[in-house]
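structure for the following, please:
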Amino acid sequence: MQNKARGLRNNNPGNIRINADVFQGEVRPSKDKSFKQFETMAYGYRAMFVDLSSKMKRGVNTIEKIIEIYAPPFENDTEAYINSVSVRSGIARDKILSETDSADYIKIVAAMSSVENGTPAVMSDVECGFKMQNRIR
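Numbering: from 1, shown residues only. Now for the predicted structure:
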C-alpha cells in the first residue's frame, strides 16, 4: 500500500490540502499532516466536484483558470498540468464551463486525478463521486 500515490492512499485523488473546509466523508483529523483524507475514493472525488463548483461560482470556469489556482506555479509545472488535463479530457483549455457541463467536469476531474496520482482514474469512482454531489448537473 505504501507504493500507492499519496492521493490514492488518502482516498483524496485531487490531493486537496487540509484547510477550513469540511467535506462529506472527510476523515477528521487527517492522519496526513498536509492533505485531507476521505472514507472512500468516491468521497474524495465528490470533494473535487464541490471544490470546482465553488471555484466556478467565482468565475474560475476553464481548465486554464482551474489549474492556475489548483496547481500554482510555485508548486507545479502549471502549464504542463493544464496541457495534460486538456489533452486527457479532450476539452479545450479555454472552454468556458457552466454548472450544466457534467460530462466535461467528469472528464476534467478524471484527468486531474490522473495527473495528481500518475495513474488513470477509476471512472466508476469518479462517477460515484459526481452522483454524490448536487452542484454540477
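
export stretch 10-28 as CSV, just CAs?
Extracted C-alpha coordinates of stretch 10-28, given in CSV (Å, rounded to 0.1, in the frame of the first residue of the first chain):
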residue,chain,number,x,y,z
ASN,A,10,-5.7,9.1,1.4
ASN,A,11,-8.7,8.5,-0.9
ASN,A,12,-8.0,12.1,-1.9
PRO,A,13,-7.4,11.8,-5.7
GLY,A,14,-7.2,15.6,-6.0
ASN,A,15,-4.7,16.0,-3.2
ILE,A,16,-6.8,18.6,-1.5
ARG,A,17,-4.8,20.2,1.2
ILE,A,18,-6.0,20.5,4.8
ASN,A,19,-8.0,23.7,5.2
ALA,A,20,-11.1,25.0,7.0
ASP,A,21,-13.5,23.4,4.5
VAL,A,22,-15.2,20.3,5.8
PHE,A,23,-16.4,17.8,3.2
GLN,A,24,-18.8,14.9,3.5
GLY,A,25,-16.9,11.7,4.1
GLU,A,26,-13.8,13.5,5.3
VAL,A,27,-11.7,11.7,7.9
ARG,A,28,-11.1,14.1,10.8
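
may I see the buried residues of that stretch?
10-16, 23, 25-26 (16 or more other CB atoms under 10 Å). Quick note: C-beta positions are derived from backbone N, CA and C, even for glycine.

in helices, which of those residues fall?
When the buried residues of stretch 10-28 are checked against helices (DSSP state H), there are no matches.

farthest-apart pair in those residues, please.
Using CB to CB, the pair of the buried residues of stretch 10-28 lying farthest apart is 15 and 25, separated by 15.9 Å.

who's in contact with stretch 82-99?
For stretch 82-99, the external contacting residues (CB atoms under 8 Å, 6 or more residues apart in numbering) are 53, 56, 61-64, 67-68, 104-105, 107-108, 110-112, 114-115, 135-137.

how does it look with 7 Å?
53, 56, 61-64, 67, 104-105, 107-108, 111-112, 114-115, 135-137 (CB atoms under 7 Å, 6 or more residues apart in numbering).

same question for stretch 118-136.
5, 13, 41-46, 48-50, 53, 99, 102, 105-106, 109-110, 113-114.
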